[in-house]
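K.L.:
using only what follows, build the 3D model:
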Amino acid sequence: MEIDVFTLFPSAFDWFREQHHIASARAAGHTIEYVNYRDHTPLKAGQVDDTPFGGGAGMVLRIDVVEAALRARYGEDPVALRDQRTVIALTPAGRLLDDQLVDELAEQDALTLLAGRYEGFDQRVLDHFVTMEISIGRYVVAGGELPAMVVCDAVARKLPGSLGHEESVVEESFSKALEGAPEYPHYTRPAEYRGWAVPEVLLSGHHARIREWRLEQARRRRSGETKPLR
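P.N.:
Have a look, this model is predicted:
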């Protein structure tokens, strides 16, 4: 897969690109690259934003700046770009990111993520250049860099070669194997600590019973129960 992130702060991703599964995905042939809007702005002194029409606080990323960056990267009209790759704007009002959406994104050959700042994008960017908007939650953060990392992180874990054990993504929170429920509790050594014992079923070696217990724990967590059954 090819992922491009458009941002005003590429350096914000320095730590992220070195995370093990991201580095492994890149080593396996997937790419995650970063484009700075400011490097391609047609305006003087690196300007990328302007005050909103109608008044109000904050600044808005200009459509001509976003278009210039997209044209510089792909060499064509951004309106037509949506026919070739999925172009995503990270916005608070977008479709909420969940495991089903991550699966859909992981099936794509190429993703473009547009990270906003300030008051976000000129609406015409969203209307004419973007395939879809995605939100990581109904709250506001300073910019689209953290949401872009969340999307990249979640998608990268689904890509072949990113994890040491491919089965790691099969049975995890919200996966089909767990019927869309949160993942079950995990335990490791010591089997008893300060009188707190690991559930006996996990020590039984009976794989069918363990599987049944884990699925029941996941269902309980989905219903709001947080204390594991013994």
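K.L.:
only C-alpha atoms for contact and neighbour calcs from this point on.
P.N.:
Will do.
K.L.:
give me the residue at the spatial middle of this structure.
P.N.:
residue 151 (1.0 Å; CA atoms, centre = their mean).
K.L.:
so what does the closest residue to residue 76 other than its chain neighbours look like in phi/psi?
P.N.:
Computed as CA to CA, 6 or more residues apart in numbering, the closest residue to residue 76 that is not its neighbour in sequence is residue 70, at 7.8 Å. When read as degrees, to the nearest 10, the backbone of residue 70 gives phi -70, psi -40.
K.L.:
need the pLDDT of residue 70.
P.N.:
Note for residue 70: predicted pLDDT of 98.
K.L.:
give the contact list for it.
P.N.:
76, 77, 78 (CA atoms under 8 Å, 6 or more residues apart in numbering).
K.L.:
save those residues as TSV, and put in neighbour count, pLDDT and secondary structure too.
P.N.:
TSV is the format used below for these (neighbours: other CA atoms under 10 Å; pLDDT from 0 to 100; DSSP: H, G, I helix; E, B strand; the rest coil):
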residue	neighbour count	pLDDT	secondary structure
76	13	96	coil
77	14	98	coil
78	20	98	helix
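K.L.:
got a list of what residue 9 touches?
P.N.:
Residues in contact with residue 9 (CA under 8 Å, 6+ apart) are 36, 145.
K.L.:
likewise for the one 4 residues further on?
P.N.:
Applying CA under 8 Å, 6+ apart, one finds that residue 13 lies in contact with 145, 149.
K.L.:
for this structure, which segments count as strands?
P.N.:
Counting by DSSP state E, the chain has strands at residues 2-7, 31-36, 49-50, 60-61, 86-96, 110-115, 132-135, 192-193, 196-197.
K.L.:
can I get these in TSV including mean pLDDT, distance to residue 42 and mean neighbour count?
P.N.:
Below are the strands of the chain laid out as TSV (pLDDT from 0 to 100; distance: least, CA to CA, whole Å; neighbours: other CA atoms under 10 Å):
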stretch	mean pLDDT	distance to residue 42	mean neighbour count
strand 2-7	98	16	22
strand 31-36	98	13	16
strand 49-50	97	12	18
strand 60-61	97	13	22
strand 86-96	97	21	20
strand 110-115	98	18	23
strand 132-135	98	25	19
strand 192-193	96	64	10
strand 196-197	96	64	10
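K.L.:
is it possible to get TSV of those strands that adds distance to residue 174?
P.N.:
Shown next, in TSV, are these (distance: least, CA to CA, whole Å):
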stretch	distance to residue 174
strand 2-7	24
strand 31-36	25
strand 49-50	38
strand 60-61	35
strand 86-96	14
strand 110-115	23
strand 132-135	17
strand 192-193	29
strand 196-197	27
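K.L.:
out of the ones you listed, which gets nearest to residue 224?
P.N.:
Proximity to residue 224 (CA to CA) singles out strand 86-96 among the strands of the chain, at 20.5 Å.
K.L.:
pull out the buried positions in the longest helix seen in the chain.
P.N.:
Of all the segments of type helix in the chain, defined by DSSP state H, the longest one is helix 207-222. Buried residues in helix 207-222, counted by 16 or more other CA atoms under 10 Å: 210, 213, 214, 215, 216, 217, 218, 219, 220, 221, 222.
K.L.:
return the member of the residues you listed nearest to residue 82.
P.N.:
Residue 82 lies nearest to residue 222 out of the buried residues of helix 207-222, by CA to CA, at 36.4 Å.
K.L.:
the strands of the chain: which one's closest to residue 186?
P.N.:
Closest of these to residue 186 is strand 196-197, at 12.5 Å (criterion: CA to CA).
K.L.:
name the residues that touch the closest one?
P.N.:
Residues outside strand 196-197 that contact it (CA under 8 Å, 6+ apart): residue 191.
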